[in-house]
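A.B. asks: build me a structure from this.
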Amino acid sequence: MNFTASLALTLPELILSVGAIALLMVAAYRGDRSTRMVSWGAVALLAAAALSLIGPAGHGGLAFDGLYHADRFAAFAKLLIYIAAAISVIIAPNFFARNGALRAEYPILILLSSVGMGMMASAGDLLTLYIGLELQSLSGYVLASFMRRDTRSAEAGLKYFVLGALASGILLYGISLIYGFTGTTQFDGIATALTGDLSTGELFGMVFVFAGIAFKISAVPFHMWTPDVYEGAPTPVTAFFASAPKVAAMALMIRVAVEAMGPATDAWRQIVIFSALASTILGGVAAINQTNVKRLLAYSSINNVGFALFGLAAGTPDGVAATLTYMAVYVAMTLGSFLCVLQMRTPDGEPIETIASLSGLSRTRPLLALALATFMFSLAGIPPLFGFWPKFLVFDALVAIGMWPLAMIGIATSVIGAYYYLKIVKTMYFDEPAAEYGPSASRIEGGLIALSALTVSPFGYLAIGPLGVASGAAAQALFLR
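C.D. replies: Residues are numbered from 1 along each chain as shown. Just a heads-up that it's a prediction; the model follows:
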């Protein structure tokens, strides 16, 4: 394939890269007064990148001699990434304007991070994997500390940077081991080299690579950064961290597991099972005594990542499709939850993050309480809300290959998480009202909350057919190579 054809397959990344540079020039010349214009320009670029997936960029095959994969799997992940990134851009200006931190660089950083996440989803080589991951991470470090005068935000950025650097070192060491013992960094070549018995070096390389990626999805035992960063980062940034990078890292882990290390499924499955069980247990237990709603949602994200990993542990097309479906529903539930957190502020506009402030919300803001209760029940996987369906799919994939004991343990651990979700609902509906929140200042935020709540409500089951077809086609794209 010639260079021009390869460029055509990377059209989403080209649109975002060139667009981000153009918007950066606008921000440089017009300053922060151009923030809202730049933000809507970024949303338009994300929409254009998503539309470009309809063409060869969504199913065109290999580009740059196998370094980049433009297939339905990457297209599915990128669509979720772009939706989450766009919402994170839309909700930011009002938040930062109230806190005196309105900056035109924010949407540009989101765009550059999205370029990296797109490369992660399309990686066909360990070097492409690393470049994409670092591009996403470098933007993330700045975003976490975006409110420079806020001590918590600066601390969050520093912690994310230090621990992210450690994870990058672990990942690079794993990549060097894989290259040293297989002689290649391309996924197809690694898969060929891993056929047969694994050497000790290959096994250690696999462990380190999975450990480095596990940091990005905040899976146990590499979750330690998540609660502090989620609490300290500005809420729009936290909403972004909890959605788009999670999808990108999960897509990357799936692609590495299936395409690069498919012949060694029995080896990496043990790593994934341990991480899945540990994440669901710790994510449930550690959240019980939390008093800050953003920290609670951080442990919720750890818990949900564990359930998504159960689908990967199956190692089958159905299991991968179940994980992709889980991530799609998870994005809607998580973004909806953080949109509700954005509504938690005093009449003067100061953010409030304590769970106690939700007391009696059903009597002071009944619609907001109903929406947040919908997200909590859905995150807990309680039927008939749509959050139940992806949990059913990942456990069904395990049962289908005879791993029913693991499915039973997973179902049992879901009960732990249900406790703290129900605690929030109880606080809103049965406790005495706390001080009333200030009125909502954005119809866009209210509309996004309503749309997210509708998506995870029983009406979401209407999407089972199209979502199942899309996730199934995406999964098959990996297994048909």
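A.B. asks: on the C-terminal side of the host helix or strand of residue 319, identify the next helix or strand.
C.D. replies: Counting by DSSP states H and E, the secondary-structure element that holds residue 319 is helix 317-342. Following the chain from helix 317-342 toward its C-terminal end, the next helix or strand by DSSP H and E is helix 361-364.
A.B. asks: tilt between the helix or strand that comes right after that following helix and helix 317-342?
C.D. replies: Along the chain past helix 361-364, the next helix or strand (assigned with DSSP H and E) turns out to be helix 366-379. With axes from the mean of the first three to the mean of the last three Cα atoms, to 10 degrees as the basis, helix 366-379 and helix 317-342 are set at 150 degrees to each other.
A.B. asks: check which helices and strands helix 366-379 is in contact with.
C.D. replies: Other elements packing on helix 366-379 under the criterion 3 or more Cβ pairs under 8 Å, 6 or more residues apart in numbering; DSSP states H and E are helix 317-342, helix 361-364, helix 404-430, helix 443-456. For the C-beta atoms, the positions are set from N, CA and C on the backbone; glycine is no exception.
A.B. asks: tell me which of the ones you listed sits most buried.
C.D. replies: helix 317-342 (a mean of 25; mean count of other Cβ atoms under 10 Å).
A.B. asks: what packs against it?
C.D. replies: When contacts are defined as 3+ Cβ pairs under 8 Å, 6+ apart, helix 317-342 packs onto helix 72-90, helix 235-241, helix 244-255, helix 293-314, helix 366-379, helix 388-400, helix 443-456, helix 464-479.
A.B. asks: which one of these lies nearest to residue 411?
C.D. replies: Residue 411 lies closest, by Cβ to Cβ, to one member of the helices and strands packed on helix 317-342: helix 388-400, at 6.3 Å.
A.B. asks: now the closest one: how far from the chain's centre is it?
C.D. replies: Shown here is helix 388-400, whose average C-alpha point lies 20 Å from the average C-alpha point of the whole chain (Cα atoms, centre = their mean, to the nearest Å).
A.B. asks: can you tell me what sits against that helix?
C.D. replies: Under the contact criterion Cβ atoms under 8 Å, 6 or more residues apart in numbering, helix 388-400 has outside partners 307-308, 310-311, 313-314, 316, 318-319, 321-323, 325-326, 328-330, 378, 381-382, 404, 406-407, 410-411, 414, 460-461, 464.
A.B. asks: cool, stretch 192-208 as well?
C.D. replies: Outside of stretch 192-208, the residues within contact range by Cβ under 8 Å, 6+ apart are 170-171, 173-178, 180-184, 260-261, 263-264, 267-268, 271.
A.B. asks: buried residues, it. List them.
C.D. replies: Using 16 or more other Cβ atoms under 10 Å as the burial criterion, the residues of stretch 192-208 that qualify are 193, 194, 198, 202, 203, 204, 205, 206, 207, 208.
A.B. asks: point out the least confident one among the residues you listed.
C.D. replies: In terms of pLDDT, residue 198 ranks lowest among those, with 82.
A.B. asks: wait, a strand at it?
C.D. replies: No: remark: residue 198 does not belong to a strand; assigned using DSSP: H, G, I helix; E, B strand; the rest coil, it is coil.
A.B. asks: make residue 1 into 16 and carry on from there
C.D. replies: All set: I'll call the first residue 16, so the last point we hit is now residue 213.
A.B. asks: return the distance of it relative to residue 222.
C.D. replies: Counting by Cβ to Cβ, to the nearest Å, the gap between residue 213 and residue 222 amounts to 11 Å.
A.B. asks: let's have the buried residues of stretch 207-223 in JSON lines, adding distance to residue 48.
C.D. replies: Conversion of the buried residues of stretch 207-223 to JSON lines gives the following (distance: Cβ to Cβ, whole Å):
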{"residue": "208", "distance to residue 48": "55"}
{"residue": "209", "distance to residue 48": "55"}
{"residue": "213", "distance to residue 48": "58"}
{"residue": "217", "distance to residue 48": "55"}
{"residue": "218", "distance to residue 48": "56"}
{"residue": "219", "distance to residue 48": "53"}
{"residue": "220", "distance to residue 48": "50"}
{"residue": "221", "distance to residue 48": "51"}
{"residue": "222", "distance to residue 48": "50"}
{"residue": "223", "distance to residue 48": "47"}
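A.B. asks: turn those into JSON lines, including distance to residue 486 and secondary structure.
C.D. replies: As requested, the buried residues of stretch 207-223 are arranged in JSON lines below (distance: Cβ to Cβ, whole Å; DSSP: H, G, I helix; E, B strand; the rest coil):
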{"residue": "208", "distance to residue 486": "30", "secondary structure": "helix"}
{"residue": "209", "distance to residue 486": "26", "secondary structure": "coil"}
{"residue": "213", "distance to residue 486": "30", "secondary structure": "coil"}
{"residue": "217", "distance to residue 486": "30", "secondary structure": "helix"}
{"residue": "218", "distance to residue 486": "31", "secondary structure": "helix"}
{"residue": "219", "distance to residue 486": "33", "secondary structure": "helix"}
{"residue": "220", "distance to residue 486": "30", "secondary structure": "helix"}
{"residue": "221", "distance to residue 486": "26", "secondary structure": "helix"}
{"residue": "222", "distance to residue 486": "28", "secondary structure": "helix"}
{"residue": "223", "distance to residue 486": "29", "secondary structure": "helix"}
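A.B. asks: and which of the residues you listed is nearest residue 153?
C.D. replies: Nearest to residue 153 out of the buried residues of stretch 207-223 is residue 223 (Cβ to Cβ; 21.1 Å).
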